[in-house]
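Asks: Need a 3D model of the sequence below.
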Amino acid sequence: MKVLVAAGRPPWPPWRGDQLRARQLCEALAVAHEVTLLAPAAPDEPPAPGGARRERFRLRAAPWAALAAAPGLLRGWPLQALPFRQPDFGRRLRALAPEHDLVVLVLARLLPHVREVGRTPLVTDLIDSLSLNASTRAAVDAPPLRPLLRAEARRMAAAESTVVAASRTALVVCARDRDALAAALPPALAARLVVAPVAVAPQTAVMATPPPLAGSIVLTGNLGYFPNRDALRSFLDGPWPALRRAVPGARLTVAGDRPPSRLAARLVQEGATLVARPPDLRALLAGAAVAVAPMRCGSGVPLKVLDAWAAGVPVVATPFAAAGAGGEGERDLLLAASTEEWVAQMRRLLDDGELARRLVAGGRARLAELAPERVYPLLRERITGAA
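Replies: Numbers count the residues shown, from 1 in each chain. Reported below is the predicted structural model:
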């Protein structure tokens, strides 16, 4: 079968979830099918994943792209879809789609190009629910931004419905996002949603990894992403001061790229350590006693939980973060919502070595379910079955 994977961003380097997913789609499908990757060029890009054939399109400069996409606002397109309206991408997609048995579009943000697939069977990898992302952010962001975010959530929900209706199958990475999408769709369209998790490659051993330090807490994530910034701020506002009082030796390390200057300054004031670009995230995690995931909004899988499981570090998370990761309370992580619950759960972990070891074992067992040799056949089955 000839499969065209069309992405709005190149899969190199895989900094964002859609870039990582595009790479994994190519690797999973190229084992048994002839795969073409249509994506913009990237500087010094390596060969296409899985040996896929490479097709490129030209990205318009931002001002011209904005002008070209402006009419989309009148059609009800979400704001986040506008930069993905790329004329050269549309031309290449129209030319290539008829030559293939199946087209896979990566992200609902490619809504402006759905019609250009033509009659070729379509699968859309939504990855996560972007309407859920906007609606949950509207509940916690600055009050002046909330009406705009709620409007964006409505536009995104309409876009997701349109994309699913045009697709034979629509993939999402976790059950929480599938359920959120399904609740807004007619039953016939909701039935097209299937969960296909992100694959996690086995980690290599870390040399000279220090033993976990008592009272050491780590929070990781791209701090240029609002849900991660909000998670950190909410942790600093409530649980962290209470933990410092309850556990005098507690130390907090925050590791993540693109930290805003104000947030970096606040971390210094709060007695925390910021590692803006950790050279070895797994080694940094392995030196911690507990990893925290205090997410209150967002969508998709919080990779910080998977990274902690891979490094053998027990996790305390909000119910929202745990639902995205597929974690189960008391089996592979501990749940905390209020400040009091955070303090109680953290003290349990820091005082009970057996509990920590049990959670580490549970996290590794969950991670084993996400190994490429298990996830890739599932991706192939759910994608090519649509043709």
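
Asks: make it CA atoms for all contacts and neighbour counts henceforth
Replies: Fine.

Asks: doesn't D128 make contact with A180?
Replies: No - judged on Cα atoms under 8 Å, A180 makes no contact with D128 at a distance of 9.8 Å.

Asks: Those two: which has the busier surroundings?
Replies: Using other Cα atoms under 10 Å as the criterion, A180 and D128 rank with D128 on top: 28 against 15.

Asks: for the nearest residue to the more buried one once chain neighbours are set aside, what are its contacts?
Replies: Distance criterion Cα to Cα, 6 or more residues apart in numbering; nearest residue to D128, sequence neighbours excluded, is G300 at 4.6 Å. Going by Cα atoms under 8 Å, 6 or more residues apart in numbering, G300 touches I127, D128, S129, V172, V173, C174, D177, G324.

Asks: Just confirm G300 is within a helix.
Replies: No - in this structure, G300 is coil, not part of a helix, as judged by DSSP: H, G, I helix; E, B strand; the rest coil.

Asks: got the phi/psi numbers for it?
Replies: Backbone torsions of G300, given as degrees, to the nearest 10, read phi 70, psi -160.

Asks: And it, how close does it get to C26?
Replies: Note on G300: its distance to C26, by Cα to Cα, to the nearest Å, is 20 Å.

Asks: same thing with P112?
Replies: 23 Å.

Asks: Of the two, give the one with the bigger neighbour count.
Replies: Taking neighbours as other Cα under 10 Å, P112 and C26 compare with C26 leading, 26 against 21.

Asks: Which secondary structure state does the more buried one sit in?
Replies: Going by three-state DSSP: C26 is helix.

Asks: And it, how far from R374?
Replies: 16 Å.

Asks: again with L281
Replies: 25 Å.

Asks: quick one: which of these two has more around it?
Replies: Ranked by neighbour count (other Cα under 10 Å), L281 and R374 place L281 first, with 16 against 12.

Asks: How about the contacts made by that one?
Replies: A255.

Asks: Tell me how far it lies from F235.
Replies: 21 Å.

Asks: other SSEs contacting whichever strand or helix holds A159?
Replies: Using DSSP states H and E, A159 sits in helix 146-166. For helix 146-166, the packing partners by 3 or more Cα pairs under 8 Å, 6 or more residues apart in numbering; DSSP states H and E come out as strand 122-127, helix 130-138, helix 187-190.

Asks: Kindly recompute the last result at 7 Å.
Replies: helix 130-138 (3 or more Cα pairs under 7 Å, 6 or more residues apart in numbering; DSSP states H and E).

Asks: And the helix it packs on, what does it pack against?
Replies: By 3+ Cα pairs under 7 Å, 6+ apart, helix 130-138 packs against helix 146-166.

Asks: Give me the mean pLDDT for the helix it packs on.
Replies: Helix 146-166 carries an average pLDDT of 97.

Asks: do the same with stretch 232-249
Replies: 94.

Asks: ok, now stretch 332-352?
Replies: 95.

Asks: Dump the C-alpha coordinates for it into CSV.
Replies: Provided in CSV are the C-alpha atoms of stretch 332-352 (Å, rounded to 0.1, in the frame of the first residue of the first chain):
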residue,chain,number,x,y,z
ASP,A,332,2.0,3.6,39.1
LEU,A,333,1.7,7.1,40.6
LEU,A,334,0.1,9.0,43.5
LEU,A,335,-2.7,11.5,43.0
ALA,A,336,-3.0,15.0,44.5
ALA,A,337,-5.3,17.9,43.9
SER,A,338,-5.3,20.2,46.9
THR,A,339,-2.3,21.6,48.7
GLU,A,340,-3.1,19.3,51.7
GLU,A,341,-3.1,16.2,49.4
TRP,A,342,0.2,17.3,47.8
VAL,A,343,1.9,17.6,51.2
ALA,A,344,0.4,14.3,52.4
GLN,A,345,1.4,12.3,49.2
MET,A,346,4.9,13.8,49.0
ARG,A,347,5.5,13.0,52.7
ARG,A,348,4.3,9.4,52.1
LEU,A,349,6.8,8.9,49.3
LEU,A,350,9.7,10.5,51.0
ASP,A,351,9.1,8.4,54.2
ASP,A,352,8.2,5.1,52.6
